[in-house]
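Student: quick check, what structure comes out for this input:
(one chain, ligands or ions: 2)
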Amino acid sequence: MSTAGECASLFSLEGRTALVTGACYGIGFAIAKALAGAGAKIAFNARHEDAVSRAVADYAAIGIDAFGVVADVTSEEDAGRLVETVTEKLGHVDILVNNAGIIKRIPMHEMSAEEFREVVDIDLVGPFIMSKAVIPSMIERGGGKIINICSMMSEFGRETVSAYASAKGGLKMLTRNIASEYGGYNIQCNGIGPGYIATPQTAPLRERQPNGDRHPFDAFIVSKTPAGRWGTPEDLEGAAVFLASRASDFVNGQILYVDGGIAAYIGKQP
Ligand code: NAP
Ligand code: GCO
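Tutor: Ligands and ions are numbered 1, 2, ... in the order given. As a prediction, this is how the structure comes out:
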């Protein structure tokens, strides 16, 4: 049995370099903050210079010296440059969090193939590209951690999110396949499956109606979640530190759902 000190060190990320994609705000920002709190050096990317600059200032405002790079996760060239730049600045990437993602809420029969492809490109091909960019150096250095931000839609469907659910379902299996293919190199690849989290991505689902009533989807999610609330990005911090640390060295190919119980609950009788 570990002593208190030994237990604390299990979750320490001192000396590790973490790269969190799309971490200017929302879930990525909270995860990066948590990894920094456990001692990791933080790098992140986004598609636009102004967003990166704003986020660097936001990290600095909470005492985190985060290194931001303009890079699109769907570009192999950007990914290679991103990993090379981070490695030069902070050292090899020990922890990759594939957080960057988009959603398009369109009834499938009205969605164009181009719109479908854009979601899959960012939410599934992007994590493939980013993971491929870091795995060689992780192999060379004896191991690493890859954390994919999956979703309730890795398990469930609903109206208007066909592309997103397809991508996030694929991301669950990419997580399992990276674990299978690279577990022998001491690389652990796991997922976090957030429930419904209050971020800019879900803001449209929580907007007040013109008459001041709550959005019907907002009320639905609160009733469908045993915790009786939307999650916050901070609710994901513990899972992220666990999956980024030595504490999860024998955990591989798993999706840790942090959802307030929504996946376990059939729902209240109307
Ligand atoms: P968000 O607020 O929309 O933030 C998404 C981030 O990804 C933004 O910083 C965005 O930056 C970045 N991004 C998008 N496309 C990119 C690209 N091609 N290259 C680089 N960065 C890109 O979303 P969130 O709610 O924080 O969600 C973060 C992740 O959690 C996503 O993968 C999402 O699917 C997943 N998730 C969210 C929830 C939820 O309820 N919120 C639940 C489960 C899973 P720019 O657009 O400025 O480039
Ligand atoms: C939606 C929401 C969800 C959340 C999240 C749930 O429209 O259903 O955006 O997809 O983003 O993925 O885990």
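
Student: every contact and neighbour count from this point should use C-alpha atoms.
Tutor: Will do.

Student: Pro270: neighbour count?
Tutor: 3 (other C-alpha atoms under 10 Å).

Student: give the contact list for it.
Tutor: Counting by C-alpha atoms under 8 Å, 6 or more residues apart in numbering, Pro270 touches no other residue.

Student: what pLDDT does it get?
Tutor: If you check Pro270, the pLDDT there is 81.

Student: how near is it to ligand 2?
Tutor: 21 Å (C-alpha to the nearest ligand atom, to the nearest Å).

Student: likewise for Asn99?
Tutor: 12 Å.

Student: beta partners for Val97?
Tutor: Val20, Ile147 (DSSP bridges).

Student: which ones are touching it?
Tutor: Counted by C-alpha under 8 Å, 6+ apart, Val97 has contacts Ala18, Leu19, Val20, Thr21, Ile146, Ile147, Asn148, Ile149.

Student: equivalent analysis for Val241, please.
Tutor: So Val241 contacts Phe11, Ala34, Leu35, Ala38 (C-alpha under 8 Å, 6+ apart).

Student: so which of the contacts of Val97 wins on neighbours?
Tutor: Leu19 (33 neighbours).

Student: report pLDDT for it.
Tutor: 99.

Student: hang on, it packs against Asn99?
Tutor: No. The pair Leu19 and Asn99 fails to qualify as a contact (C-alpha atoms under 8 Å) at a distance of 9.8 Å.

Student: okay, and the beta partners of Ala190?
Tutor: Quick fix: residue 190 reads Asn, not Ala. Beta-bridge partners, per DSSP bridges, of Asn190: Ile147.

Student: for it, give its distance to Asp121.
Tutor: 20 Å (C-alpha to C-alpha, to the nearest Å).

Student: one step back: so which of the contacts of Val241 are also by ligand 2?
Tutor: Among the contacts of Val241, no residue lies close to ligand 2 (C-alpha under 6 Å from any ligand atom).

Student: among these, which are in helices?
Tutor: Ala34, Leu35 (DSSP state H).
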